[in-house]
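In: Got a sequence here, can you build the structure:
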Amino acid sequence: MLGFQRTDEDVSDGVIEAAEKLFDIRYPDAYRTIIRDLSGAHGDVEFRVDAPEPGFDFCSVGLIYSLLPWCADSIYSVLSSWPEHGLSNRIIPIGEDGAGNYLCFDYRQSKTPKIVFYFHELHGVDGIIEVCDSFAEFLERLTLPDNEM
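Out: So this is what the prediction gives:
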């Protein structure tokens, strides 16, 4: 995927399926393909959001969380802090921006997740902005930062 370098070992279908069973979800097919090779990957990409305020129309992702539970940067380690953030277990983190904000799948209303960004300084749903309706649409929004083009 654009702008990321792998750091973890491969993720097998069994690891993906175990996470899906634990979370009672089905990841989008495109994410299943990407996470096999980029679990725990570091990089720097930006994505466009429909900003609630003028001038705030891009966010970034610097880490794709690992699906391997023994890795420090795993989805599981992030989810352990979800209760203190007041977030539903139907919001599944998949990455972060480097400042402690989270890119997430939002399964609260559908089996097909929306993509949301959670600003950790705000509690619960007050910190969530919707990015787009699907992971495929999210991938179309990815760009390299200006200083990397």
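In: Distance check, F119 against D133.
Out: Counting by Cβ to Cβ, to the nearest Å, the gap between F119 and D133 amounts to 20 Å. The C-beta positions use only the backbone N, C-alpha and C, and glycine is treated the same way.
In: The chain: strands as residue ranges?
Out: Chain-ordered strands for the chain, with DSSP state E as the definition, fall at 4-5, 42-48, 58-64, 91-96, 102-106, 114-118, 128-132, 142-143.
In: would you turn those into a markdown table with mean pLDDT and mean neighbour count?
Out: As requested, the strands of the chain are arranged in a markdown table below (pLDDT from 0 to 100; neighbours: other Cβ atoms under 10 Å):
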| stretch | mean pLDDT | mean neighbour count |
| --- | --- | --- |
| strand 4-5 | 72 | 14 |
| strand 42-48 | 79 | 18 |
| strand 58-64 | 82 | 21 |
| strand 91-96 | 95 | 22 |
| strand 102-106 | 96 | 23 |
| strand 114-118 | 94 | 22 |
| strand 128-132 | 91 | 17 |
| strand 142-143 | 81 | 16 |
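In: which one of the ones you listed lies closest to D29?
Out: The stretch from the strands of the chain with the least distance to D29 (Cβ to Cβ) is strand 102-106; that distance is 13.1 Å.
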